[in-house]
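Asker: got a sequence here, can you build the structure:
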Amino acid sequence: MALDLFKRVESRKGLFAVEKITLIYNLLTSILILFMFQRMDHPLHMLWDRAVIAAMTFLLMYLYRLAPCKFSAFVRIAIQMSLLSYWYPDTFEFNRVFPNLDHLFATAEQWMFGGQPAVWFCHAFPQMWVSEPFNMGYFAYYPMILVVTLFYFIYRFDLFEKMSFVLVTCFFIYYLIYIFVPVAGPQFYFPAIGMDSVSQGVFPSIGDYFNHNQELLPGPGYQHGFFYSLVEGSQQVGERPTAAFPSSHVGVSTILMIMAWRASKKLFACLMPFYLLLCGATVYIQAHYLIDAIAGFVSAFVLYVLVTKMFKKWFRSADVQVMRWTYHRVTQSLTENK
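Answerer: Numbers count the residues shown, from 1 in each chain. Got it, this is the predicted structure:
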């Protein structure tokens, strides 16, 4: 494995597909910051962060030219994927200035289901043997990303760039939706309006309440469980009142399952229990309305097809052109030598 890991590989000298889409998202959100400059909390800091990320991306491209191997390619792509942890809470810095829309989604939920499934679910099953598996599934989100990524890197390196591009681009599309559709989810909205209003089916508009109030109350379930503590700790540290519709947890995990199915049926089977628990957990821990989860599931298939076509059109065709150009030059050189 070590020899393969550091063996020199032939690769184009420019940016990887995932780096290009990151720079595009970087540019789009930078332009948006300039338009919203006066209304944002710390726009200069956000612009500086984007400049650093862009500079780091080009620096990694330069360093890769010095040692083009599988390991250095993995480092470049892994860094871009790890930056998703920055881009996610960053969406809140945009949508916090817009009027919150949770009242519309909670009202739609009430109309469709005659109540709030996020409340029913956790109240009906507060037991440890239900709470812990669901919290384990929710916590498995990032490990699932890591497992599928490593599987493609180790066993399907020929598809590794495509896989990373599809995954990161789908994330960015969800993030763009979150910027302009400010929905916080039940875990933020219900405490803001009070559970008495929720039980009465009254869902008032709260305007820009979350621009100044971002408190996240403890989640439902068995509060002394190991996985409950892990989820609760990660929620308190990294969660913001944003990114509820559609559920990227459901959407991205569904995309991961599609990738797993195409790469290995055994991998797909191993991940399936965690996937099912994760999808159920999004409603159980009140991170999402049920309609968020449904929209996440449906959007996953649409985005996978769309983004895969984007990759084939934008990057696969470019690779073919490079291969044709290289073949032409080699043929021409052999002809001249004769």
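Asker: show me the contacts for residue 46.
Answerer: By C-beta atoms under 8 Å, 6 or more residues apart in numbering, residue 46 lies in contact with 33, 40, 90, 93. C-beta: built from backbone N, CA, C; applies to glycine.
Asker: how near is it to residue 165?
Answerer: Separation of residue 46 from residue 165 (C-beta to C-beta, to the nearest Å): 25 Å.
Asker: cool, and residue 96?
Answerer: Taking C-beta to C-beta, one finds residue 96 at 30 Å from residue 165.
Asker: of those two, who's got more company?
Answerer: The neighbour count for residue 96 versus residue 165, taken as other C-beta atoms under 10 Å, is higher for residue 165 (25 against 22).
Asker: chain center to the helix or strand harbouring residue 188, what's the gap?
Answerer: Per DSSP states H and E: residue 188 is located in helix 186-193. What separates the centre of helix 186-193 from the centre of its chain is 23 Å, taken as C-alpha atoms, centre = their mean, to the nearest Å.
Asker: and stretch 184-192, by the same measure?
Answerer: Centroid separation between stretch 184-192 and its chain, computed with C-alpha atoms, centre = their mean, is 21 Å.
Asker: check the chain for its longest helix and report it.
Answerer: For the chain, the longest helix by residue count, based on DSSP state H, is helix 43-66.
Asker: for that one, buried residues please.
Answerer: 43, 46, 49-50, 53-54, 57, 60, 64 (16 or more other C-beta atoms under 10 Å).
Asker: return the member of the residues you listed nearest to residue 149.
Answerer: Looking at these and their distance to residue 149, the nearest is residue 60, at 17.2 Å (C-beta to C-beta).
Asker: which one is that closest one nearest to, not counting chain neighbours?
Answerer: Using C-beta to C-beta, 6 or more residues apart in numbering and skipping the chain neighbours, the partner closest in space to residue 60 is residue 76 (5.0 Å).
Asker: keeping just the C-alphas, turn the longest helix of the chain into CSV.
Answerer: Listed next in CSV are the C-alpha coordinates belonging to helix 43-66 (Å, rounded to 0.1, in the frame of the first residue of the first chain):
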residue,chain,number,x,y,z
PRO,A,43,-18.0,40.8,6.4
LEU,A,44,-14.3,41.8,6.4
HIS,A,45,-13.4,38.7,8.4
MET,A,46,-15.5,36.5,6.1
LEU,A,47,-13.8,38.0,3.0
TRP,A,48,-10.4,37.4,4.5
ASP,A,49,-11.2,33.8,5.3
ARG,A,50,-12.2,33.3,1.6
ALA,A,51,-8.9,34.9,0.4
VAL,A,52,-6.9,32.5,2.7
ILE,A,53,-8.9,29.5,1.4
ALA,A,54,-8.3,30.5,-2.2
ALA,A,55,-4.6,31.1,-1.6
MET,A,56,-4.2,27.8,0.2
THR,A,57,-5.9,26.0,-2.7
PHE,A,58,-3.4,27.4,-5.3
LEU,A,59,-0.5,26.7,-2.9
LEU,A,60,-1.6,23.0,-2.7
MET,A,61,-1.8,22.8,-6.4
TYR,A,62,1.8,24.1,-6.7
LEU,A,63,3.1,21.7,-4.1
TYR,A,64,1.4,18.8,-5.8
ARG,A,65,3.4,19.5,-8.9
LEU,A,66,6.5,18.8,-6.9
